[in-house]
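Colleague: sequence and computational prediction follow.
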Amino acid sequence: MELRDTGELIGFTGLAVPLFLPEVLPAVEIGWRLGRPYWGKGLATEAARAVVGRARTGFGLKRLVSIHIAGNEASARVMVKLGMRLDRETVQPDTGRPLRVYALDL
C-alpha cells in the first residue's frame, strides 16, 4: 500500500492461503499490515474493500476468511466493515495464541 499523494509505502493488503491454520483449509485469507502511524485512518478498510472486490470479480473465489489474534479489535472492526462474520474461535497450533476467524461468502 502506498499513500496516493506521496507514494510513501505504508503497508500491504492482499490474499494468501493460511497454511498456519490447517483447520480452516481449503481457504483464502485476506490480510493487511500497516505501519503504526497509519492506524485508525480507514486505510486498511479502503484497501481491503478493493481486494474483496477483486476476489469477487477476478478470481472466482466463493469465500474469504480473515484471522486475527484475539484482542486485536481494530482488525476485527475492519473485518466487520467488510461484511465478514465471526466464524470460529480457535488457537494457533504452533503458539497456542487465541485466534478469531471471520468469514465472508462472496
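Modeller: Cool, the structure landed.
Colleague: what's the least confident helix or strand in the protein, going by average pLDDT?
Modeller: Ranked by mean pLDDT, DSSP states H and E, the weakest helix or strand in the chain is helix 43-58, scoring a mean of 94.
Colleague: so what does the following helix or strand past that one touch, helix or strand wise?
Modeller: Remark: after helix 43-58, the chain's next helix or strand is strand 63-69, criterion DSSP states H and E. For strand 63-69, the packing partners by 3 or more Cβ pairs under 8 Å, 6 or more residues apart in numbering; DSSP states H and E come out as strand 29-34, helix 73-81, strand 98-105. Quick note: C-beta positions are derived from backbone N, CA and C, even for glycine.
Colleague: okay, those in TSV with distance to Ser66 next?
Modeller: Shown next, in TSV, are those (distance: least, Cβ to Cβ, whole Å):
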stretch	distance to Ser66
strand 29-34	5
helix 73-81	5
strand 98-105	5
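Colleague: for Val91, find the nearest of those.
Modeller: When these are compared by Cβ to Cβ, strand 98-105 sits nearest Val91, at 5.7 Å.
Colleague: thought Leu9 was touching Glu2?
Modeller: Yes - look at Leu9 against Glu2 with Cβ atoms under 8 Å: they come within range, at 5.7 Å.
Colleague: how long is stretch 21-38 from one end to the other?
Modeller: 28 Å (Cα to Cα, to the nearest Å).
Colleague: same thing with stretch 57-70?
Modeller: 31 Å.
Colleague: mind showing which ranges of this protein have poor pLDDT?
Modeller: Judged by pLDDT under 70, the chain has no weakly predicted residues.
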